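Asker: I need the structure of the sequence given here:
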Amino acid sequence: MIINKMKNEDIEILEQYKKHLAFEKNYSPHTISNYERDIKQFILYTKNSVEVNEKIVGNYLEFMFKKKYNKNSITRKIIALRNFYRYLVKIKKIRQNPFEYILTPKKEKKIPGVLTEKEVESILESIDCNNFFNLRDRVILELLYSSGIRVNELVNMNINNIDFINEEIKILGKGNKERIVPIGSVAINWLSKYLKELKKISQDKILFINKNKKRLTARSIEMIIKKYAQKAGILKKVTPHTLRHSFATHLLDRGADLRSVQELLGHSNLSTTQIYTHLSIQKLKKEYEKAHPRAKNR
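Answerer: So this is what the prediction gives:
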């Protein structure tokens, strides 16, 4: 293991730093584990010393690029090391942070998978609503696609979150921020049918229940969606997030304003929403290539 090759003093410092991350910074065990791995990898590269200069840091960056680390990994490693060296400055182990002014590469944004409108329709129509739980499943999928809400937002919904008159739902999103989301008449009609049946078997406030009359989990909803996607013959990987991506992309395809889509999705930054424009551009390019006389050599 790398840690066996480190100086005893540096091993102790790293252990202290991990405690600092856990108890003072409140970082998750997963994040702390990633930081530890990135720091050990760097110390191994530097011949097992934490005391380095900017030239060694530059050589390490070049080493990572030559090894073809992806941009997201490099960014994570730089951030981990910058924070570690800030800690070393704080405890007076070193004078200057050699990572302080190192720029991080822009993160690579993965374009999310989406369904076509036809594929969404085929999944919805594959649900035979001949019993309470099948009806529940149809409502779940209708609601996810009609609103674009996150799966965790959906599982935490209660009956009183629905406004039937205005065809809206109240959502508690990330950072405990409330937002109002329109859902349209189709989803409202399905919700109305479902609630009539729900009230026959449960008097609780929970909107989506399992067979034990407890709140459905996000994992259960993932399995439900996977089941109906397979039933509809969809070969793509389909998750609750796929329906959210499809919601946003279909809105933009039909001319919705990007800012409006940002509000509907509950994104705090417009840049997060902009990834969906890439999907719409791909569709525009296909239409351009089909229609423009000089798009391709013919």
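Asker: how much space separates I183 from W190?
Answerer: For I183, the distance to W190 equals 10 Å [Cβ to Cβ, to the nearest Å]. Where C-beta positions appear, they are placed from N, C-alpha and C, glycine not excepted.
Asker: mutual contacts of the two, please.
Answerer: Listed as contacting both I183 and W190 by Cβ atoms under 8 Å, 6 or more residues apart in numbering are L143.
Asker: how about stretch 20-27: buried residues?
Answerer: Buried residues in stretch 20-27, counted by 16 or more other Cβ atoms under 10 Å: 20-21, 27.
Asker: ok, now stretch 220-229?
Answerer: Neighbour-count burial for stretch 220-229, counted by 16+ other Cβ under 10 Å, picks out 221, 224-225, 228-229.
Asker: now for those residues, which pair is the farthest apart?
Answerer: Spatial extent of these (Cβ to Cβ) is set by the pair I221 and A229 at 12.5 Å.
Asker: the residue nearest to P182 when sequence neighbours are not counted pairs with what?
Answerer: What sits nearest to P182 in space, not counting adjacent residues and going by Cβ to Cβ, 6 or more residues apart in numbering, is E168, at 5.4 Å. On the basis of DSSP bridges, E168 is bridged to D163, P182.
Asker: show me the strands in the stretch 151-298 of the chain, by range?
Answerer: For the stretch 151-298 of the chain, the strands defined by DSSP state E, counting those that start in this stretch occupy 162-163, 168-172, 178-182.
Asker: helices and strands around the last one, which ones?
Answerer: Packed against strand 178-182, as judged by 3 or more Cβ pairs under 8 Å, 6 or more residues apart in numbering; DSSP states H and E, are the following elements: strand 168-172, helix 258-265.
Asker: so what touches the shortest one?
Answerer: The set of residues that contact strand 168-172 without belonging to it, under Cβ under 8 Å, 6+ apart, is 143, 147, 149, 153, 156-157, 161-163, 178-183, 266.
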